[in-house]
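**Q** Next one to model:
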Amino acid sequence: MTTQVKHYIDGEFTQGTGTSQIIVTNPANNSPIAVINAATSEEVHAAIASAKAAFKTWKEVPVSERARVMLRYQHLLKEHHDELATILAQETGKTFEDAKGDVWRGIEVAEHACNVASLLMGETVENVARSIDTYSYTQPLGVCAGITPFNFPAMIPLWMFPLAIACGNTFILKPSEQDPMTPQRLVELFVEAGAPKGVLQLVHGDKTAVDILLADPAIKAISFVGSVAVGQYIYKTGTDNLKRVQAFAGAKNHCVIMPDANKQQVINNLVGASVGAAGQRCMAISVAVFVGAAKEWIPELKEALAKVRPGLWDDKAAGYGPVISPAAKARVLKLIKQGIDEGAECLLDGSDFTVEGYESGNWIGPTMFNKVSTEMSIYKEEIFGPVLCCMESDSLEAAIELVNASPYGNGTSIFTASGAAARKYQHEIEVGQVGINVPIPVPLPFFSFTGWKGSFYGDQHAYGKQAVRFYTETKTITSRWFESDIAVASTPNMSINLR
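**A** Now for the predicted structure:
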């Protein structure tokens with residue numbers, strides 16, 4: 001029996017009137033688990049109109065009251081944490097532990113939104129000129145929209161709408177059609193937390209819905225996370241329509257391993273960071289660069305990866321689950337074959353892996369290549385699967401040059417016992433998020449998620465202070481109040497000087 005996924009438009013949950021249906025499948029066996037009636041253009045426009053109308057009153061709600069909605073919301077998210085993780089695991093294929101991590105990292109951003117009052121504080125200077133004061137206010141933009149990917153259906157929506165709404169905006173969420181039930185539950189809990197009608201809208205659909213959001217002048221800002229091609233399209237189309245856009249795109253994240261690092265820590269961290277979540281993380285480590293004698297650890301890394309077994313979401317022994325869809329599996333398998341054909345040394349090949357009783361699922365076993373070069377497809381393309389590419393470097397300088405030549409700049413890490421090597425790496429590397437003996441350096445929400453180069457299109461990043469700036473405008477006021485005993489100027493001031 002399949003679940004009917006619902007939209008949330010103008011304060012009502014509805015299955016929609018659209019005749020174009022999208023089937024949601026279980027990645028473990030590709031059986032249908034839910035159905036979406038894709039939003040019609042009329043329904044998307046209705047959501048925009050409702051959000052636009054709600055903004056007029058929501059922006060006037062005191063910031064402390066908006067913060068209290070977020071306080072109630074983060075409490076409900078914690079109360080329903082395991083329920084959310086179960087829904088998420090069943091529709092994405094993630095293991096339960098990984099799904100819980102997805103939910104929790106989103107909760108942390110909702111917690112941060114509770115502190116919105118201090119994040120919205122402006123500035124003031126008294127007597128910028130005689131009896132003239134200048135001060136600034138931080139005010140919301142209006143209607144904002146978020147377009148989110150399949151791989152983090154709890155965390156990434158929670159990157160967006162809690163902070164945007166806490167800042168005084170209204171919001172339209174268009175989540176991935178591949179796992180829509182988690183976002184729907186997030187919205188249900190937000191309504192339960194006391195969010196007024198129209199403040200948050202949820203529409204499910206495809207490119208048709210996205211294009212309406214990109215074109216409608218009522219939408220002031222667009223947040224997106226997804227692939228490079230779509231990220232570029234979102235950024236170009238959104239900015240052509242004079243909107244603010246933050247578009248987080250693809251990645252090819254390197255981990256540099258120095259020979260003085262702790263070997264067992266390196267191996268443990270590389271295993272989890274490369275094939276965890278079936279490699280479907282924009283911050284996954286997909287390239288390991290072994291400097292000097294560290295290359296001697298590659299056989300032991302292979303042994304550790306070979307022990308990882310994919311499995312069902314509720315299998316406690318499973319290291320990770322299936323990839324999201326047959327199309328995703330076919331793409332990963334194609335790249336694995338290309339890697340072999342192009343001359344990389346395939347130390348582990350997970351192409352033929354299956355789970356007993358679930359042979360029709362989107363399974364790929366741990367895969368590992370050595371002797372990878374920069375000309376190979378498996379190096380140039382984001383694989384987004386449980387595949388690790390190993391490379392060798394003679395020096396730290398050469399490793400830095402390799403990483404900096406990549407068109408992507410989402411995340412990187414270095415494992416070393418040398419403070420000098422770590423300092424050199426963090427200073428010279430052209431990547432936005434750097435880990436030192438930390439494989440996946442995703443910052444906590446009081447910082448911002450700061451991808452660089454081809455991994456990000458825009459000016460202000462997700463969550464933290466940068467997100468507050470993205471979702472707000474600054475209004476600066478210069479004022480003078482005349483007292484009765486102050487002499488009136490005898491002549492007009494014909495310059496721009498304050499006096």
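**Q** Around the residue lying closest to V228 once chain neighbours are set aside, count how many other residues there are.
**A** With sequence-adjacent residues excluded and distances taken as Cβ to Cβ, 6 or more residues apart in numbering, V228 is closest to G250, at 4.0 Å. The way it works is simple: take the backbone N, C-alpha and C, and place the C-beta from them, glycine included. Around G250 there are 22 other residues, counting by other Cβ atoms under 10 Å.
**Q** helix/strand/coil for G250?
**A** Under DSSP: H, G, I helix; E, B strand; the rest coil, G250 falls in the coil class.
**Q** do you know how far it is from N362?
**A** According to Cβ to Cβ, to the nearest Å, G250 stands 20 Å off from N362.
**Q** G93 too?
**A** From G93 to N362 the distance is 7 Å (Cβ to Cβ).
**Q** list residues touching both of these two?
**A** 27-28, 322-324 (Cβ atoms under 8 Å, 6 or more residues apart in numbering).
**Q** Would you convert those residues into a markdown table that also reports pLDDT, secondary structure and distance to T86?
**A** Below are these laid out as a markdown table (pLDDT from 0 to 100; DSSP: H, G, I helix; E, B strand; the rest coil; distance: Cβ to Cβ, whole Å):
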| residue | pLDDT | secondary structure | distance to T86 |
| --- | --- | --- | --- |
| P27 | 98 | coil | 15 |
| A28 | 98 | coil | 14 |
| P322 | 98 | coil | 17 |
| V323 | 98 | coil | 20 |
| I324 | 98 | coil | 18 |
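**Q** Just send the residues you listed back as a markdown table, with neighbour count and distance to K174 too.
**A** Formatted as a markdown table, those follow (neighbours: other Cβ atoms under 10 Å; distance: Cβ to Cβ, whole Å):
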| residue | neighbour count | distance to K174 |
| --- | --- | --- |
| P27 | 29 | 21 |
| A28 | 21 | 26 |
| P322 | 29 | 25 |
| V323 | 29 | 22 |
| I324 | 24 | 17 |
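**Q** what's the closest of these to K197?
**A** Distance to K197, by Cβ to Cβ, is smallest for I324 among these, at 33.4 Å.
**Q** ok, that closest one - contacts?
**A** 27, 92-93, 150-151, 178-179, 280, 362.
**Q** Now for T17, how many residues are close by?
**A** By other Cβ under 10 Å, 11 other residues sit near T17.
**Q** how far does stretch 11-30 sit from the chain's center?
**A** 23 Å (Cα atoms, centre = their mean, to the nearest Å).
**Q** still on that earlier bit, ok, the shared contacts of G93 and N362 vs M368, which is closest?
**A** Nearest member of those to M368, counting by Cβ to Cβ, is V323, at 16.7 Å.
**Q** For the closest one, give me its contacts.
**A** So V323 contacts 27, 93, 278-280, 329, 332, 362-364, 384-385 (Cβ under 8 Å, 6+ apart).
**Q** Now with 7 Å, please.
**A** Residues in contact with V323 (Cβ atoms under 7 Å, 6 or more residues apart in numbering) are 27, 278, 280, 329, 332, 362, 364, 385.
**Q** and what of T134?
**A** Counting by Cβ under 7 Å, 6+ apart, T134 makes contact with 125, 128, 476-478.
**Q** how about 10 Å then?
**A** 123-128, 476-479, 498 (Cβ atoms under 10 Å, 6 or more residues apart in numbering).
**Q** Just the ones of these in strands?
**A** Among the contacts of T134, the members falling in strands (DSSP state E) are 124-128, 476-479.
**Q** which of those residues sit farthest apart?
**A** Across the ones in strands among the contacts of T134, no pair lies farther apart than N127 and T476, at 16.0 Å, counting by Cβ to Cβ.
**Q** Which strand residues bridge the nearest residue to A306 once chain neighbours are set aside?
**A** Nearest residue to A306, sequence neighbours excluded (Cβ to Cβ, 6+ apart): L348, at 5.8 Å. With DSSP bridges as the criterion, L348 is bridged to M368.
**Q** mind checking how far L348 is from E356?
**A** Distance from L348 to E356, by Cβ to Cβ: 20 Å.
**Q** For the two, indicate the residue with more neighbours.
**A** Neighbours of L348 and E356, each counted by other Cβ under 10 Å, are more numerous for L348; the result is 20 against 6.
**Q** mind checking how far the more buried one is from G385?
**A** From L348 to G385 the distance is 13 Å (Cβ to Cβ).
**Q** Does I219 touch G142 like I think?
**A** Yes. Under the contact definition of Cβ atoms under 10 Å, I219 touches G142, with a separation of 8.1 Å.
**Q** Could you pull up the residues touching K78?
**A** Contacts of K78 (Cβ under 10 Å, 6+ apart): 84, 103-104, 107, 110-111.
**Q** that older thread, among the contacts of V323, the buried ones, what's the PyMOL command?
**A** To isolate the buried subset of the contacts of V323 in PyMOL, counting by 16 or more other Cβ atoms under 10 Å, use the following:
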select buried, resi 27+278+280+329+332+362+364+385
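**Q** Turn the contacts of V323 into a markdown table, including secondary structure.
**A** What follows is the contacts of V323, written out as a markdown table (three-state DSSP):
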| residue | secondary structure |
| --- | --- |
| P27 | coil |
| A278 | helix |
| Q280 | coil |
| K329 | helix |
| V332 | helix |
| N362 | coil |
| I364 | coil |
| G385 | coil |
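**Q** for the contacts of V323, which one is nearest I48?
**A** Closest to I48, out of all of the contacts of V323 and judged by Cβ to Cβ, is Q280, at 30.9 Å.
**Q** ok, the closest one touching F152?
**A** Yes. Between Q280 and F152 there is a contact under Cβ under 10 Å: 9.0 Å.
**Q** For this protein, give me the ranges with low pLDDT.
**A** Counting by pLDDT under 70, the ranges of the chain that qualify are 1, 485-490.
**Q** tell me the centre residue of it?
**A** The chain has I156 as the residue nearest its centroid, 4.6 Å off, counting by Cα atoms, centre = their mean.
**Q** Can you tell me the closest non-neighbouring residue to that one?
**A** That would be T148: by Cβ to Cβ, 6+ apart, it lies 4.6 Å from I156.
**Q** Tell me, how many residues neighbour the one you found?
**A** A count of nearby residues for T148, using other Cβ under 10 Å, gives 25.
**Q** And it, how far from R72?
**A** 23 Å.
**Q** Strands of the stretch 151-300 of the chain, start to end?
**A** For the stretch 151-300 of the chain, applying DSSP state E, counting those that start in this stretch gives strands covering 170-174, 200-202, 219-225, 244-248, 253-257, 285-291.
**Q** what do you get for the stretch 351-499 of the chain?
**A** 367-370, 387-393, 408-409, 411-415, 433-436, 452-453, 456-457, 472-480.
**Q** in the strand or helix carrying V69, what counts as buried?
**A** Per DSSP states H and E: V69 is located in helix 63-79. With burial defined by 16+ other Cβ under 10 Å, the residues of helix 63-79 counted as buried are 63, 66-67, 69-77.
**Q** again, but for stretch 195-213
**A** For stretch 195-213, burial by neighbour count (16+ other Cβ under 10 Å) applies to 195, 198-205, 209-210, 212-213.
**Q** Check stretch 40-52 too.
**A** 40, 43-44, 46-52.
**Q** ok, now stretch 127-144?
**A** Residues 134, 138-144 are the ones in stretch 127-144 that count as buried (16+ other Cβ under 10 Å).
**Q** Pick out whichever of the residues you listed sits closest to T472.
**A** Nearest member of those to T472, counting by Cβ to Cβ, is T138, at 4.8 Å.
**Q** just how off-centre is the helix or strand hosting the closest one within its chain?
**A** Taking DSSP H and E as the criterion, T138 maps to strand 132-140. Relative to its chain's centre, strand 132-140 lies at 31 Å (Cα atoms, centre = their mean).
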